[in-house]
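**Q** mind folding the following:
(one chain, ligands or ions: 2)
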Amino acid sequence: MSDEMEALESMSGASIRYIPDFLDDADQHRIHQQLREQMQWSQQHVTVFGKRHLIPRLEAWHGDRGACYRYSGTDHPPHPWTEALDELRSRLKNFRRDLHFNSVLGNCYRNGDDAMGWHSDDEPELGPEPCIASISLGAVRDFRMKHRSRKDLEPVKIALQSGSLLIMEGETQQHWRHSIPRRRGLNAPTERINLTFRTIQGVNEPTD
Ligand SMILES: O=C(O)CCC(=O)C(=O)O
Ligand SMILES: [Mn+2]
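**A** Ligands and ions are numbered 1, 2, ... in the order given. Predicted coordinates for the structure are as follows:
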């Protein structure tokens, strides 16, 4: 077992699984290109202490009709599923029958200066124990996790590979925060797209 996998197994209150090779090389390149071209990317602003800042990455929210999501301080109605997003959603379901998602948040880190700060995916519309499936394509970036209150627990770092899948579920979001730090001097390919498949409660939920 790799050091990373061992670290994940011992994370108190977290339920996490990392699959480094969920997509093969050919699929990774094709899907990355399709997502870059077909998702509705935009750079949002956020207001902190009354000052407007551009968020350091591009974002795109896609999903079933009605799957509205509030992130970066704004409500977002979804753009429709694209072919590549739908393909990935089916692959997740084939991988594990109980993985049903009605929406997906895309983040595009254009280079090593783009990043995401510490947070949990604990918005009320995701419910108390959200299952989130995160697929990464392109540049390898560190995904950091730290426990919200237990300072005795070491932070965890996973270098998310292109084509990898990370599943976070159970109480993970209640106890742990995560972030993607800046990475200066990142070598090519510098761009990374990450997709987090999510379920907005009360919208087209599965009946089986
Ligand atoms: O880019 C990543 O791997 C993490 C994205 C993330 O945490 C989010 O979209 O909430
Ligand atoms: Mn997150």
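**Q** who's sitting farthest from the centroid in this protein?
**A** Residue farthest from the centre of the chain, counting by CA atoms, centre = their mean, is Gly50 at 27.8 Å.
**Q** tell me how far that one lies from ligand 1.
**A** 25 Å (CB to the nearest ligand atom, to the nearest Å). To be clear about C-beta, it is placed using only N, CA and C from the backbone, and glycine gets the same treatment.
**Q** next one: Gly73
**A** 14 Å.
**Q** what kind of secondary structure is the residue nearest to that residue when sequence neighbours are not counted in?
**A** For Gly73, ignoring the flanking residues on the chain, the nearest one in space by CB to CB, 6 or more residues apart in numbering is Val46 at 5.3 Å. Per DSSP: H, G, I helix; E, B strand; the rest coil, the local secondary structure of Val46 is strand.
**Q** per-residue pLDDT of Val46, please?
**A** Val46 carries a pLDDT value of 87.
**Q** what of His175?
**A** pLDDT at His175 comes out at 96.
**Q** what number of residues lie near the closest residue to Arg57 other than its chain neighbours?
**A** Spatial nearest neighbour of Arg57, chain neighbours left out: Asp114 (4.2 Å); criterion: CB to CB, 6+ apart. Per other CB atoms under 10 Å, the neighbour tally for Asp114 reads 23.
**Q** got it, and Arg97?
**A** Count around Arg97 with other CB under 10 Å applied: 8.
**Q** then Arg184?
**A** 8.
**Q** same check, this time on the one 10 residues further on
**A** Using other CB under 10 Å, the number of residues around Asn194 comes to 22.
**Q** please begin residue numbering at 35 from this point
**A** Shifting the count to begin at 35 puts that one at Asn228.
**Q** would you confirm that it contacts Val138?
**A** No. If you go by CB atoms under 8 Å, Asn228 and Val138 don't touch, sitting 10.2 Å apart.
**Q** contacting residues around the residue nearest to Arg91?
**A** If you count contacts by CB atoms under 8 Å, 6 or more residues apart in numbering, Asp148 has them with Pro90, Arg91, Cys142, Arg216.
**Q** where does this structure get nearest to ligand 1, residue-wise?
**A** Going by CB to the nearest ligand atom, ligand 1 is nearest to Asn228 of the chain, at 3.3 Å.
**Q** check which helix or strand that residue maps to.
**A** Using DSSP states H and E, Asn228 sits in strand 226-232.
**Q** so how far is that strand from its chain's centroid?
**A** 4 Å (CA atoms, centre = their mean, to the nearest Å).
**Q** same check, this time on stretch 185-197
**A** Worked out by CA atoms, centre = their mean, stretch 185-197 lies 14 Å from the chain centre.
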